[in-house]
Structures are given as C-alpha cells and as structure tokens.
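1. Sequence and predicted structure below; questions after.
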Amino acid sequence: MRLSWDLLRLLATQNNFSWLCAGDYNDIIFSTDKKERIPHPNWLFTGFRNAVNDCGFFYLPLIGYKFTWTRGRGSPNFVEERLDRAMGNYVWHGKIPHAKLLNLVAIVSDHTPILVDTTLCTIISHRRKSFCFEIKWLLEDGIGEVVKRSWSGFNDFAIMD
C-alpha cells in the first residue's frame, strides 16, 4: 500500500491540473469508516490518511449508505467498511464544487457501486421549477454566447471569465 500512497504524492506534486481519483482504495481513513466488533487500531489507517493530506485532497461528500463494502453478512463476524471513495485536488473542486459521490445499491457484490455526480440541480424559487446544469453543455459550440445573452437581463449579477 505504501507504494500506492507514494505514487499519489508524486502525482500531486508534479501536476497542477484538476484531477479526481475515485474507486476502491482498500483502506480506510477514519475509525468511523469501519463497523465491527473489534475496533480498528489507529496506526493501521494513518498511512492512507497522511497520503491524502499530503496531496491536499478533499473528499466528495458521500450520499447514501455510509459503508461501501461488507463481509460476513448474517454472521457474528459481520464487518462493514468505507473502502470506496472519490477525492480530488482543489483545482478540480473549484471547477465542480457541487459534485457529490452517490453510494448505489449492489445486489450481488460485496462492494456497492459508487457514482460521481456532477449535475447541478437547484430550485429557482420565483418559478418553482427545477434547473439542472449538465457539465457536458460546456463542450457545446457557442455556449459562452448563450450564457451571456441569458444573463444580460440580470443587472445585479456579473459573469466571471
């Protein structure tokens, strides 16, 4: 595991572009990431936590059930852990600050699937309608002009480049 954490540190120091890492890290960061009869010793998860802190990562908030992996369901040795997560640097977070991690339902696997959700949904109060911003719209030709025309009627707000 130490080699993996050192690789994350190396990548974090050599690149200043936006990036997000998501998946099964097969390790926990906090004691609350594990639920079992015998507590997890602190020294076992400090390596991963230190690597994440050294990289300056933030965690996407997890929506749904707290744990992403189980073992021994229905037995006295039942264990639940949060092994799967998404974390990225603050450049990525600055571009998509509303992103969240959805913990979905697994029917067969011992891991629950996770999904990074970058959809921006807000309720526009004066119209009582939902608005969802899709990141893929930024790839459309002429999107900048469409946004400028749409916001030109709002004198109290400025468009930032």
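-> Good, I have the coordinates.

2. all contacts plus neighbour counts: C-alpha atoms, from now on.
-> OK.

3. most centrally placed residue in the protein?
-> Closest residue to the average C-alpha location of the chain: L60 at 2.8 Å, with Cα atoms, centre = their mean.

4. give the contact list for that residue.
-> Shown in contact with L60 (Cα atoms under 8 Å, 6 or more residues apart in numbering): R85, A86, M87, G88, A99, K100, L101.

5. same question, T118
-> With contacts defined as Cα under 8 Å, 6+ apart, the neighbours of T118 are I96, H98, A99, K100, E134, I135.

6. Need the three-state assignment for the nearest residue to S31 once chain neighbours are set aside.
-> Excluding its sequence neighbours, the residue lying closest to S31 (Cα to Cα, 6 or more residues apart in numbering) is H40, at 6.5 Å. Here H40 is recorded as coil under DSSP: H, G, I helix; E, B strand; the rest coil.

7. So what's the residue count around H40?
-> 16 (other Cα atoms under 10 Å).

8. Please renumber the chain so that the first residue is 19 from this point on.
-> Taking 19 as the first residue, the last one we looked at is H58.

9. isn't it right next to K52, touching?
-> Yes: with contact defined as Cα atoms under 8 Å, H58 counts as touching K52 (7.3 Å).

10. distance between stretch 33-50 and the chain's centre?
-> Distance of stretch 33-50 from the chain centroid (Cα atoms, centre = their mean, to the nearest Å) equals 8 Å.

11. buried residues in it?
-> Within stretch 33-50, the residues that count as buried by 16 or more other Cα atoms under 10 Å are L38, A40, D42, Y43, D45, I46, I47.

12. Brilliant, that's me finished.
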